[in-house]
Every structure is written in C-alpha cells, then in structure tokens.
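Participant: how would this look folded up:
(2 chains)
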Amino acid sequence: MPDLGALFDPKGIIITGVSNHPGKFGFVTLHNLLASGYEGAVYPVSREPGEVLGLDVLGSIDDVPDGAADMLFICTPPAINEGLLRQAAAKGVTAAFCAAGGYREAGPEGVEMEQRLIALCDELGIALAGPNGQGVVSTPSSMCAQIVAPFAPAGKIAIASQSGNFVSSFLNLANHTGVGVSRAVAAGNASVLGIADYVEYFTDDPETAVSLVYIESVDDGREMFERMAPLAARKPIVVVKGGASAAGARAAASHTGALASDDAVFDGMCRQAGLIRARDVEEAFEAAATFATQPLPDGDRVVVVTTVGGWGVAAVDAMADTRLDPAALPDDLMAAIDEKLPPRWSKNNPIDMAGGETRDTVPEILQLVAEHPDVDAVVLLGVGIQSNTASMMRNGPFFPDHGLERIVGFHERQDTRYAEAAAEISTATGTPIVVATELANAGPDNPAPATLHALGRLCHASAGRAVRSLHHLAGYSAWRQARGL
Amino acid sequence: MSITLSEAESRRVVSRYGVPVSPFVTGTSTAEVLAAVETDASVTFPVVAKLCGRAIAHKTERGLVRLRIADNDALAAACDELLSKAVPDDGEVEVLVSTMVDGNRELIAGLNDDPQFGMTVMVGIGGILAEAIRDVSFRLAPITEVDAAEMLDDLATQRLFGEFRGEPEADRAAIVEALVALARVGVEEPGLRSADLNPLILVDGKPIAVDALLEIEEDDDA
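Facilitator: Residues are numbered from 1 along each chain as shown, chains lettered A, B, ... in the order given. This is a model prediction of the structure:
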C-alpha cells in the first residue's frame, strides 16, 4: 500500500486544469487551497499559461522543479490524465487526488479508463484518491484542496466518505459546533484507495482521535470486517450507512436467510467489529465529536445534573432505549450534595438543583458527581438560562440602570463558568460531562454554548441527543472491556 | 446445486459440533422405530414422531408430525400412519422419534452464507412468528463467547431471558455455548449454505433444538 502521508500533508501541490474562470473546478480548488492558508508550494498548471490569483500558471508539469511537489490534484478530463500522472511521478509526486469525473460512473469507456488509471497508479506507486471526488482537507497542513467548500476548524475528527456531500455536511457541522477536524476525504469512485485504507491511516495518525465514516455500498463485507475490527480496537470508528432501509430480505430457502436483511447483517458486523453505528449524519457527527473531546466512560451509570426539573426528566426518558442506566444516587454523594443545596433539591437522579444554586454551586456539584467512583458519566442541563435573562435585560429599556449592568455581567460570567467547569472537571476526573441546551441552535451567542464552541467542545442541542452520544461512548467502552482491551 | 438434508441428518451434523438437540432415534419401519426407542434410554415418553426425508421440507403443513405420543402402542399406530403418508416424490423416508421437551420460550438460531459477508450466524426470538417479529441478531462466523453473549444482549425481547411463567431464568452461558458451536458448523462443515434451528426451546433455561434443517452445496462432480 502506498503511503498516504503525501495526500494529507503534502510539501507541495500541483493542480491541473487551473482556469481563470472562477466557476471552474481548477480555479475553485486553487482558491480554496490559498484561502485556507496552505503553506506548501503550489503549482497551478494549464494549457493556457498566465496568472491566476496572483500565481504564475505553468504550461506543463515538466516546468515544476524536481522534488518540489509530492501531491497532484487533478481537475483535467480523463483522456489526458495518464500522461499527467507520469509527468508528475517523474517530478516526485507520490499521491494524487483525482476530482475529475468521466470514469466508471460514465459508462463502459469510463470503466476502461478507470482500469488503466488503477494499473498506472500501481505501476508508479501513487496513492490515488477518487476519481470523481470532491477533494481532501487536512487542518494540520491548513489545506482545503476541494472543488467545493467549506474548510473546517482544526480538531481530532478524521472523515472518510463514499459521498462527497457528506464530507461537506460533516465540515459544516464542524464549523457550526466548533468541534474540529483533522482530515477529511471524499473517496469518490474509490478505485485505488477505499474507506478501510483511509481509516487505517487515521488510526495511525497522531492528529486524529476518532474516525468518522459514511458508507453507502459494501463490496466485500468480510474484507471490511477483517480490516476494520483491529483498527476499532485501537481508535474509535463511527459509521453511518446510507441505503440501510433498502429492502434486503432475499428469497431464501431458510428462515435464517429470510431474516438476513442487508441491514441486520451489516449491523451485526458493526457490533462484532466494534464499529460505532449511528442512525444518521447528525448523530454520527455528534458521536464523533463526543469521542474526540471527552474521556471514555467506564460503564453505563449516568447522573443528570440540571438547574430545573423538566429537562432532567427528558434526559432520563431518553435513556430508555439506550444501554445507559440513570443510576440511583449513592448515599455518600447524596449527603455531600445536601451540604451544597437548599432542602428542596430533588434528592435523586436527576439532580434537580431547583434554582437553589449560588455562585459556586454548579461547579462544586459537578465536581462531586464526576469524581464519584459509582458515576460513569454526567449530563449537564439548564446552562444558558441566566444569560437568557441577562440578554433581555441588556436589550430592554432599563439597561444599564437599576442595577441591571451588574447582574447582567454576573449571569453571563456564571454561564461561561459552567461551560468551562464542564470541560475542566471532565478532563480532571476522566468522567465524560456532556452539556445540552437548545441554545446551541437557538442562541449560539449565549455565553454557555458560545464558550463550549470556543473550547472546541460539543454543546448538544437537546438532552436526547446528548444521551445518544453517551450511549455510543458507553457501547464502545463495553465492547473494549469485554475483549480485555 | 444445493440440497437440504433430512431433519435426522441435520440433527446428526449439528450435534457432532456440540449443538444440543432433543434425544432422538430413527427407523424406516414401525418395528425398527419401536426397537430403537426400546434400546435408546435417552428417548423417553411422551415423544414426537415425524416423517422425514431430504425431499420433505414442510412437515407440519402436510400433517407429518405427531405430538404427545404417550406409549408404545400409540407410537406404533403413529408410525404406521406416517409411513403410509409417504408419496413416491418423497424418495427415501424414515420416521424420527424424539423426546418431547417442554418449555414456553422458543428461540431461533441459524446460519446463512451471505453473498457479502460470508458465513453468518443468527439468534432470535423463534417459533412460528419468528419471521414476523424479526427480533434477531447476526454475527460473522466464527464467533467468540463474547460475541455470542452480545448477540443475546442485542435482542429487544430481553424479558424472555428472565424468570418466565414458572420457568427459571435463561441459562445464557448454555445459549452462548450452543451459538459458538453452531457458528463452527458454518465454518467447518463442507459446503454448508444455511441452517435453521427452529425452534430452539429453552428447557429449564437451557436451549435444546427440536428441529434442524441444513442446506448443503453439492459438488457438481459428486
């Protein structure tokens, strides 16, 4: 297998098919690469030399200095690409992303062209991504080599997708949530490099904590299982599968055959291999974002901490169809919390502080709960409500008089503290603390979600979604423990 | 070209790997059946008698199963009647007599050679409604004991594994052992395409297959 290092961290990139028309793929790719701050050498190449975006366009790859580029980004049509690959290989290129279409997806002639492309890359020792894909992103190299947007903040999630659309979806979610990405690649036709090759690279990659994979078709399920299972043992892999609802039951001689829908067998394979399977793209991203930013829980016991009632009930309800256990509060923890809260607090799980918190209560209670040996994970709800009140005061007709300025500042500082405390205490205790509020979507400028965003940690948009993410973490943890990992 | 083995042949194959099946004997005549029951102490009344053969797939639909046979006389009558129901298309037939086991809970277990994933093993909620309920879990064979235990955890109908209608809690370890053994059949038995153990009855919490059907790929030159 060729090394993928030059695909994700190239020292220099040659882009073919660069045009001065801002609507063309070659132009967009060059633009995105420069706009994302890529610091390596960039060599635009075109039949028509000139200047694009302030760079000299070379008339031929032969004009690139020897050894100056190790990656080739192809925006030219199939007919000329074999020649370009040979020229590039002669210059020291070892990886290529072929964005161009017109291969297997385009009929019999394309199939033949793709076969030749595969053979050529094998001969030249080039790691080829695509063809017919949207590009590759790598934040450690400040590289957005894509024929579309967006780029993403730096982080620990690595994405490989059989559909470029979902690379965009995941990158959009990374921007929205602030939970960043290390690498992202669209597999395109996956003629040389497939999903398992990318995940293998991500698993070795120190920049990556979790792989996030979108799969639409499985050619050889047994091979996928055999390659992915050992990788899942080393680093979590979140999978979302398209086409899962397609009728899978086949005409079969046996009951077992009739029950073996594609989805049932794929699901079993995931469970066996330790792949974390999410139901949809949002759930997959949020699970990956939680893996990337939280410690793994040791078990299923979850305590919910909430400033007021209803949210906590919803969180416990959401655990009903998960593996999570809204465990009873241990006596010593109960006694410790009693010291901190007025007598009207809920005295069970969820810990409903019933509005009884003073300046330091929330961080203190979080600390008590998270450090308790009988608690495996914590859900924190109700953040942001103080700043909500503050916001109405700040924007109302009486501000800053009547003492409003002072209280507004207090409320906003408190929500900032809660978000910071969730991050700090989780890191210090090794217990995951997930935070949820609809303000993640409804009021992203509120200091609670805004602080989490700035810290690069996920603020879930609902208790139910936070619970799903924890369910995936706990499931992976149980899979590891059952195998002595 | 695939063929299905008779129930008796299927039972012999899976029990060789350690999959528990209800005690049984076979015979091609009433006298042979009675003699076999007499000699084999593991087969005890009440018994079930079935006409079985490679070409007979739907025993119940054709009325080829007799339940709750209490003694030798009733067994003799049942054998005579079942053997008389054989038609020329059935080819070689025999009567299978097995101890009637008792349990309210029925699982289904099986094997299927999947075009994408190769040999797979399944467990689920069994009985005649198995295909309607579809509460099943698959794995790729072979499986470890850990995999098998997780298959049971996957099933939605967990209440069935607790104490149930006066019967003890399901013996998960025994079910796990049966599944691991079944998966080995899938991996090691030459030409195996599919297998059904339906139902796998929980008797005192332990699984016992009371029906088995194996589908085998035959070599063309065989």
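
Participant: Neighbours of B:Gly18, how many?
Facilitator: For B:Gly18, the count of nearby residues is 13 (other C-beta atoms under 10 Å in any protein chain shown). Where you see a C-beta, it was placed from the backbone N, CA and C, and this is true even at glycine.

Participant: Am I right that it is in contact with B:Ala183?
Facilitator: No. Between B:Gly18 and B:Ala183 there is no contact under C-beta atoms under 8 Å: 11.2 Å.

Participant: Now stretch B:93-108 - C-alpha only, PDB.
Facilitator: Output of stretch B:93-108 as PDB, limited to C-alpha atoms (Å, rounded to 0.1, in the frame of the first residue of the first chain):
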ATOM      1  CA  VAL B  93     -38.100 -41.500   4.100                       C
ATOM      2  CA  GLU B  94     -37.800 -42.500   7.800                       C
ATOM      3  CA  VAL B  95     -39.600 -41.900  11.000                       C
ATOM      4  CA  LEU B  96     -37.800 -39.700  13.500                       C
ATOM      5  CA  VAL B  97     -38.900 -40.100  17.100                       C
ATOM      6  CA  SER B  98     -37.700 -37.700  19.700                       C
ATOM      7  CA  THR B  99     -38.400 -36.900  23.400                       C
ATOM      8  CA  MET B 100     -41.000 -34.300  23.700                       C
ATOM      9  CA  VAL B 101     -39.300 -31.400  25.500                       C
ATOM     10  CA  ASP B 102     -41.300 -28.800  27.400                       C
ATOM     11  CA  GLY B 103     -40.700 -25.100  27.500                       C
ATOM     12  CA  ASN B 104     -42.700 -21.900  26.800                       C
ATOM     13  CA  ARG B 105     -39.800 -20.000  25.400                       C
ATOM     14  CA  GLU B 106     -38.700 -20.600  21.800                       C
ATOM     15  CA  LEU B 107     -35.600 -19.100  20.200                       C
ATOM     16  CA  ILE B 108     -34.500 -19.500  16.600                       C
END
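
Participant: what does chain A put close to chain B?
Facilitator: Contact residues, chain A versus chain B (C-beta under 8 Å from any C-beta of the partner chain): A:218-222, A:225, A:252-260, A:262, A:264-269, A:271-272, A:479, A:482-483.

Participant: Go ahead and build a PyMOL selection from the buried members of those residues.
Facilitator: Only the buried entries of the residues of chain A next to chain B go into this PyMOL selection, using 16 or more other C-beta atoms under 10 Å in any protein chain shown:
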select buried, chain A and resi 218+221+222+225+253+254+255+256+257+258+259+260+262+264+265+266+267+268+269+271+272+479+482
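
Participant: So which of the residues of chain A next to chain B belong to helices?
Facilitator: A:221-222, A:225, A:255-259, A:262, A:264-269, A:271-272, A:479, A:482 (DSSP state H).

Participant: A:Ser168 contacts A:Gln134, correct?
Facilitator: Yes. Between A:Ser168 and A:Gln134 there is a contact under C-beta under 8 Å: 7.4 Å.

Participant: higher neighbour count, the two?
Facilitator: Neighbours around A:Ser168 and A:Gln134, counted as other C-beta under 10 Å, are more numerous at A:Gln134. The numbers are 24 against 18.

Participant: wait, what's in contact with that one?
Facilitator: Contact analysis of A:Gln134 by C-beta atoms under 8 Å, 6 or more residues apart in numbering or on different chains lists A:Ala99, A:Gln146, A:Ile147, A:Val148, A:Gly164, A:Val167, A:Ser168, A:Ala186, A:Gly188.

Participant: can you rerun that using 6 Å?
Facilitator: By C-beta atoms under 6 Å, 6 or more residues apart in numbering or on different chains, A:Gln134 lies in contact with A:Gln146, A:Ile147, A:Val148, A:Gly164, A:Ala186.

Participant: can you map out the strands along the stretch 251-400 of chain A?
Facilitator: A:276-278, A:302-306, A:351-352, A:377-381 (DSSP state E, counting those that start in this stretch).

Participant: mind putting the contacts of A:Gln134 in TSV, neighbour count included?
Facilitator: Compiled in TSV, the contacts of A:Gln134 are given as follows (neighbours: other C-beta atoms under 10 Å in any protein chain shown):
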residue	neighbour count
A:Gln146	29
A:Ile147	21
A:Val148	18
A:Gly164	23
A:Ala186	29
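
Participant: Sitting in helices, which of the residues you listed do you find?
Facilitator: A:Gly164.

Participant: ok, the contacts of A:Gln134 vs chain B, which is closest?
Facilitator: Ranked by distance to chain B (C-beta to the nearest C-beta), the contacts of A:Gln134 are led by A:Ala186 at 23.0 Å.

Participant: does that closest one have beta-bridge partners, and which?
Facilitator: For A:Ala186, the beta-bridge partners under DSSP bridges are A:Ser161.

Participant: Correct me if wrong: it contacts A:Gln162.
Facilitator: No. Using C-beta atoms under 6 Å, A:Ala186 is not in contact with A:Gln162, being 8.2 Å away.

Participant: State the mean pLDDT of the secondary structure element (helix or strand) that A:Glu405 belongs to.
Facilitator: A:Glu405 belongs to helix A:404-429 when assigned by DSSP states H and E. When pLDDT is averaged over helix A:404-429, the result is 97.

Participant: Find the least confident helix or strand in chain A, judged by mean pLDDT.
Facilitator: helix A:255-259 (a mean of 88; mean pLDDT, DSSP states H and E).

Participant: contact partners of that helix?
Facilitator: By C-beta under 6 Å, 6+ apart, helix A:255-259 touches A:Ala249, A:Ala252, B:Gly110, B:Asn112, B:Met122, B:Ala130, B:Glu131, B:Val136, B:Ser194, B:Asp196, B:Asn198.

Participant: if we go to 8 Å?
Facilitator: In contact with helix A:255-259 (C-beta under 8 Å, 6+ apart) are residues A:249-250, A:252, B:108, B:110-112, B:122, B:124, B:130-131, B:134, B:136, B:194-196, B:198.

Participant: again with stretch A:389-407
Facilitator: In contact with stretch A:389-407 (C-beta under 8 Å, 6+ apart) are residues A:Val408, A:His411, A:Glu412, A:Gly443, A:Asn446.

Participant: Nearest to A:Pro295 among these?
Facilitator: Nearest to A:Pro295 among those is A:Asn446, at 25.9 Å by C-beta to C-beta.

Participant: Contacts only, for the closest one.
Facilitator: Here A:Asn446 is in contact with A:Gly384, A:Ser387, A:Asn388, A:Ser391, A:Asp415, A:Leu439 (C-beta under 8 Å, 6+ apart).

Participant: want to throw those residues into CSV with neighbour count?
Facilitator: Shown next, in CSV, are those (neighbours: other C-beta under 10 Å):
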residue, neighbour count
A:Gly384, 28
A:Ser387, 26
A:Asn388, 17
A:Ser391, 18
A:Asp415, 25
A:Leu439, 22
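
Participant: among the residues you listed, which are in helices?
Facilitator: Checking the contacts of A:Asn446 against DSSP H, those in helices are A:Ser387, A:Asn388, A:Ser391, A:Asp415, A:Leu439.

Participant: Around B:Lys85, how many other residues sit close by?
Facilitator: Neighbours of B:Lys85 (other C-beta under 10 Å): 12.

Participant: wait, it sits on B:Gly53?
Facilitator: No. B:Lys85 is beyond contact range of B:Gly53, at 11.4 Å (criterion: C-beta under 8 Å).

Participant: so A:Thr203 sits right up against A:Leu231, yeah?
Facilitator: Yes. Counting by C-beta under 8 Å, A:Thr203 touches A:Leu231, with 4.6 Å between them.

Participant: any common contacting residues for the two?
Facilitator: By C-beta under 8 Å, 6+ apart, the residues touching both A:Thr203 and A:Leu231 are A:Ser211.

Participant: hang on, the earlier thing: Serialize the contacts of A:Asn446 to JSON lines and add fields for distance to A:Glu112.
Facilitator: Output for the contacts of A:Asn446, formatted as JSON lines (distance: C-beta to C-beta, whole Å):
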{"residue": "A:Gly384", "distance to A:Glu112": "58"}
{"residue": "A:Ser387", "distance to A:Glu112": "62"}
{"residue": "A:Asn388", "distance to A:Glu112": "62"}
{"residue": "A:Ser391", "distance to A:Glu112": "63"}
{"residue": "A:Asp415", "distance to A:Glu112": "61"}
{"residue": "A:Leu439", "distance to A:Glu112": "55"}
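
Participant: Brilliant, that's me finished.
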